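# any chance you could fold what I've pasted below:
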Amino acid sequence: MMLKKTLKFISETLKVVIISLVVILPVRYFLFQPFYVMGASMEPSFFDREYLIIDEISYRFNAPERGDVVIFRYPENQREFFIKRIVGLPEEGVEIRNGSIYVYNSDHQNGFMLPEPYLGTDISTAGDTDGIIRLKADEYYVLGDNRDFSLDSREFGPVKSDLIKGRAFFRGWPLKRVDVLRTPDYGIN
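Okay, here's the model as predicted:
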């Protein structure tokens, strides 16, 4: 009788483990990934050691948008992952002049200055470009919010779309900053 109960317990436990793996593994590897922020390149939006959940499925159906905070493989070492904000979209021009970002596209051929309320007042926007950077059909221009401490498209160039893994959509740690993350509405195309 004891052996029968033990075997039943083991059988039920294995069923729970198998069902859990069947549900959790696809979610973990194909839909959502954890990401741990390292460094100050995204301050004040994201601080060192914050824990984020990355949405990996949205970009299978929709293209990344301006303002999305994305996780991507570093173009110069694809084993490393970076977190940055998209400021330039495919087939646009991007220029950083006097610390401000100007975007050139078919709707704004003379360019428009990108408003960046997420930067805060104490953050520098150093690093002007030499003229307008033209993006190809599969490229995005990404910058860290803390421009003085960010290795981004100013250094390594545009990021190809196939290197983008997903967008940050939930901050889970620290508890006082738990939040669903939203893309800023710039009020422009």
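# pull the contacting residues for the closest residue to Asp179 other than its chain neighbours.
Closest residue to Asp179 apart from its sequence neighbours, by CB to CB, 6 or more residues apart in numbering: Arg171 at 4.8 Å. Every residue, glycine included, has its C-beta placed from N, CA and C. By CB atoms under 8 Å, 6 or more residues apart in numbering, the residues touching Arg171 are 46, 50-53, 177-179, 181.
# show me those that map onto helices.
Nothing among those maps onto helices, per DSSP state H.
# between these, which is closest to Ile164?
Minimum distance to Ile164 across the contacts of Arg171 is 14.9 Å, recorded for Leu52 (CB to CB).
# tally up the residues packed near that closest one, please.
Using other CB atoms under 10 Å as the criterion, Leu52 is surrounded by 23 other residues.
# show me the contacts for the most centrally placed residue in the chain.
With distances taken as CA atoms, centre = their mean, the residue of the chain nearest its centroid is Val70 (1.4 Å). Residues in contact with Val70 (CB under 8 Å, 6+ apart) are 64, 83-86, 140, 142, 164-168.
# of the residues you listed, which belong to strands?
Among those, the members found in strands (DSSP state E) are 83-86, 140, 142, 164-168.
# what is the burial count for Asp107?
Counted by other CB under 10 Å, the residues lying close to Asp107 total 10.
# just to revisit the earlier point, now render the contacts of Val70 as a markdown table, adding neighbour count, distance to Asp107 and pLDDT.
Shown next, in a markdown table, are those (neighbours: other CB atoms under 10 Å; distance: CB to CB, whole Å; pLDDT from 0 to 100):
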| residue | neighbour count | distance to Asp107 | pLDDT |
| --- | --- | --- | --- |
| Pro64 | 22 | 18 | 93 |
| Ile83 | 26 | 28 | 89 |
| Lys84 | 23 | 24 | 94 |
| Arg85 | 25 | 21 | 92 |
| Ile86 | 22 | 17 | 94 |
| Tyr140 | 27 | 18 | 96 |
| Val142 | 26 | 21 | 94 |
| Ile164 | 20 | 23 | 93 |
| Lys165 | 16 | 29 | 90 |
| Gly166 | 22 | 27 | 89 |
| Arg167 | 21 | 23 | 90 |
| Ala168 | 22 | 27 | 87 |
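# tell me which of the residues you listed is nearest to Gly93?
Taking CB to CB as the measure, Gly93 sits nearest to Tyr140 out of these, at 13.0 Å.
# right, and the closest one touches Leu163 too?
No: with contacts counted by CB atoms under 8 Å, Tyr140 stays clear of Leu163, the gap being 9.1 Å.
# common neighbours of these two, please.
Joint contacts of Tyr140 and Leu163 (CB under 8 Å, 6+ apart) do not exist.
# low-confidence ranges in the protein?
Within the chain, the ranges that satisfy pLDDT under 70 run 1, 16-37, 120-129, 188-189.
# show me where it has strands.
With DSSP E as the criterion, the chain has strands spanning 32-36, 51-55, 69-73, 81-88, 93-97, 100-104, 112-113, 133-134, 139-143, 159-160, 164-173, 179-180.
# lovely, talk soon.
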